[in-house]
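Enquirer: model this:
(one chain, ligands or ions: 1)
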Amino acid sequence: MGTDNFRKEYIELVASVREYMEEQLKLGFIETELREPEQQSPYADFDLPALATDAGNCTKCPLHETRNSVVFGVGNTNADLMFIGEAPGADEDRQGEPFVGRAGQLLTQIIESGMELKRADVYIANVLKCRPPGNRNPEVDEVATCSPYLIRQIELIQPKVIVALGSFAARMLLDTKIGITKLRGEFHECNVAGLRVLPHKKPPVIMPTYHPAYLLRNPNAKRDVWEDIKKVLAFLAQG
Ligand code: SF4
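Expert: Numbers count the residues shown, from 1 in each chain. As a prediction, this is how the structure comes out:
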């Protein structure tokens, strides 16, 4: 009996230490692995509020000159599921929130009517935090400069699955040049250099699919997206 009590207390102690360490890591107070200085994220010690504040004042690429808002991200900061798009559009730039225009409404419909989740249950962000003028494609330099914000967001949120919306998000997360049509429909390993993951956690898996803006122009592709989303739901249901 005494041994059983001791074992129980020991298990509880280990669980509480693990919980404490996870919390500290999430807050950015500790790191789980050492990396070469050149790979060290500039935001390694940032928690989400600090990261959002830093991004809010960011002038690291020319997009700061034309933006109205920095669109950092929105949703559940403990979400198992993250959606990552390309960059804010005009509506998002005005409102400071990702995916609020027509494409955003379609994404909300996918989440709420299709997945039967609330938009607030998931976390939504973009690769770029500022709007490229005229909704032009992001430049390589802009993605390289801005992506450390997104990488740190992923580290802090620690989702199980990331749905990469469109080719820019998929290319960045998978470090590939393969197009979205070939990538979609299957889970891929996350290939973000230097992404830190808790020792007992797995890196997020990536499901690339079409961007909702593409679906507005090509409604027939909604069927494909729904197939991809069903796979995500099945993955999440496994726990
Ligand atoms: S797009 Fe990113 S790197 Fe460029 S100014 Fe905005 S937050 Fe900074």
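Enquirer: Now do the contacts for the residue nearest to Thr108 when sequence neighbours are not counted.
Expert: Distance criterion Cβ to Cβ, 6 or more residues apart in numbering; nearest residue to Thr108, sequence neighbours excluded, is Arg119 at 5.2 Å. From N, CA and C alone the C-beta is placed, and that goes for glycine too. If a contact means Cβ atoms under 8 Å, 6 or more residues apart in numbering, then Arg119 has 75, 108, 111-112 as its contacts.
Enquirer: Kindly give a single PyMOL line that selects the buried subset of those.
Expert: To isolate the buried members of those in PyMOL, using 16 or more other Cβ atoms under 10 Å:
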select buried, resi 75+108+111
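Enquirer: Could you measure from Pro133 over to Gly114?
Expert: Look at Pro133 and Gly114: by Cβ to Cβ, to the nearest Å, they are 32 Å apart.
Enquirer: In terms of neighbours, single out the busier of these two.
Expert: Higher neighbour count among Pro133 and Gly114: Gly114, with 15 against 12, using other Cβ atoms under 10 Å.
Enquirer: Just the pLDDT for the more buried one.
Expert: On pLDDT, Gly114 comes in at 97.
Enquirer: Please tell me how far it sits from the ligand.
Expert: 30 Å (Cβ to the nearest ligand atom, to the nearest Å).
Enquirer: Over to Trp226?
Expert: Applying Cβ to the nearest ligand atom, the value for Trp226 to the ligand is 31 Å.
Enquirer: Hmm, that residue is touching Gly114, no?
Expert: Yes. The pair Trp226 / Gly114 is scored as a contact, 6.5 Å apart, by Cβ atoms under 8 Å.
Enquirer: Stretch 47-62 and the ligand, are they touching?
Expert: Yes. Judged by Cβ under 6 Å from any ligand atom, stretch 47-62 comes into contact with the ligand through 55, 58-61.
Enquirer: er, stretch 64-84 actually
Expert: Yes. Contact of stretch 64-84 with the ligand (Cβ under 6 Å from any ligand atom) involves 64, 70.
Enquirer: before we move on, the earlier item: now, among the contacts of Arg119, which is nearest to the ligand?
Expert: Using Cβ to the nearest ligand atom, Gly75 comes nearest to the ligand of the contacts of Arg119, at 18.3 Å.
Enquirer: Not including adjacent chain positions, what is the nearest residue to that closest one?
Expert: Tyr123 (3.8 Å).
Enquirer: where does that neighbour fall, phi/psi-wise?
Expert: phi -120, psi 130 (degrees, to the nearest 10).
Enquirer: so what's it up against?
Expert: 73-77, 79, 81-83, 153, 157, 159.
Enquirer: ok, Arg102 touching Gln109?
Expert: No. Look at Arg102 against Gln109 with Cβ under 8 Å: they stay out of range, at 10.8 Å.
Enquirer: picking that back up, out of the contacts of Arg119, which one sits closest to Glu65?
Expert: The nearest member of the contacts of Arg119 to Glu65, counting by Cβ to Cβ, is Gly75 at 28.1 Å.
Enquirer: Quickly note the distance from Arg94 to Gly114.
Expert: From Arg94 to Gly114 the distance is 27 Å (Cβ to Cβ).
Enquirer: What of Pro199?
Expert: Taking Cβ to Cβ, one finds Pro199 at 34 Å from Gly114.
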